[in-house]
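Participant: Sequence and predicted structure below; questions after.
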Amino acid sequence: MRTETQVLTVVLAFALAACGHEAKPAQTPSTGPDGVATTNALAPQNQRQSAVSMSGDLKCVCGIEDSGAAPKFDFDSALLSSPDRSELDQLATCMTSGPLAGKNIQLVGRADPRGEAEYNMNLGAIRANAVEHYLAQLGVSGSRLATTSRGALDAQGHDDATWAVDRRVDLRLAGR
């Protein structure tokens, strides 16, 4: 067993090296019919882009194509779109039967700076939990997923376009 772990560690290290990885809302979020957190989104759906932001390490090791889209949830929303689910489907496969089998992932929910600090911290947690729930539905053990929220603590946006980038869930290998 120890030899398998050592071999996996070496393979993962080589894969990472080869990839050149880069080290006021008034509505309350609720759970939709599929169990994934949702809210009454106020932003137009035609502006929707990816709400998950995977580290370069995860994308490289798992062979997930970078769409180049700025990660974002709609305003006051924790709803995962089809592109979000597609990337998470690939990650779940990688974690259950691929190079990340047995590895843990950290999910960090984030929000834009509008709204009260407590609300934004809660919304970030709801977003991270939505991603956790979706991955669990795909067979990834909840014990391998650590969720946390930073709310708007690290938000850098100053207008609609840049606030959109603040509304996301960051996914990265745990311990990095």
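Facilitator: Perfect, thanks for sending it. These figures come from a predicted structure and were not determined experimentally.
Participant: Stretch 166-176 - what's its average pLDDT?
Facilitator: Across stretch 166-176, pLDDT averages out at 87.
Participant: Residues contacting it, please?
Facilitator: For stretch 166-176, contacts defined as Cβ atoms under 8 Å, 6 or more residues apart in numbering pick out 51-55, 57-58, 71-75, 77, 91, 100, 103-113, 127-128, 130-131, 146, 152, 155-157. No exception for glycine: its C-beta is placed from N, CA and C like everyone else's.
Participant: Of the residues you listed, select the buried ones using a ChimeraX command.
Facilitator: Here is the ChimeraX command that selects the buried residues among those (16 or more other Cβ atoms under 10 Å):
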select :51,52,53,54,55,57,58,71,72,73,74,75,77,91,100,103,105,106,107,108,109,110,111,112,113,127,128,130,131,152,155,157
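Participant: what's the single longest helix in the chain?
Facilitator: Using DSSP state H, we find that the single longest helix of the chain is helix 117-137.
Participant: So for that helix, what gets flagged as buried?
Facilitator: 119-136.
Participant: mind listing the strands for this protein?
Facilitator: Secondary structure of the chain (DSSP state E): strands located at 30-31, 37-38, 52-54, 105-110, 145-151, 169-173.
Participant: Now render those as CSV, adding distance to Ser82.
Facilitator: Output for those, formatted as CSV (distance: least, Cβ to Cβ, whole Å):
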stretch, distance to Ser82
strand 30-31, 19
strand 37-38, 14
strand 52-54, 12
strand 105-110, 19
strand 145-151, 21
strand 169-173, 16
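Participant: which one of the ones you listed lies closest to Met95?
Facilitator: strand 105-110 (7.0 Å; Cβ to Cβ).
Participant: Given the closest one, what are its sheet partners and their directions?
Facilitator: Sheet pairing for strand 105-110, assigned by DSSP bridges, gives strand 145-151 (parallel), strand 169-173 (antiparallel).
Participant: rewinding a little: average model confidence for the longest helix of the chain?
Facilitator: Rounded mean pLDDT across helix 117-137 is 96.
Participant: now stretch 146-162
Facilitator: The average of the pLDDT scores along stretch 146-162 is 93.
Participant: So for it, what gets flagged as buried?
Facilitator: 147, 149-152, 155, 157.
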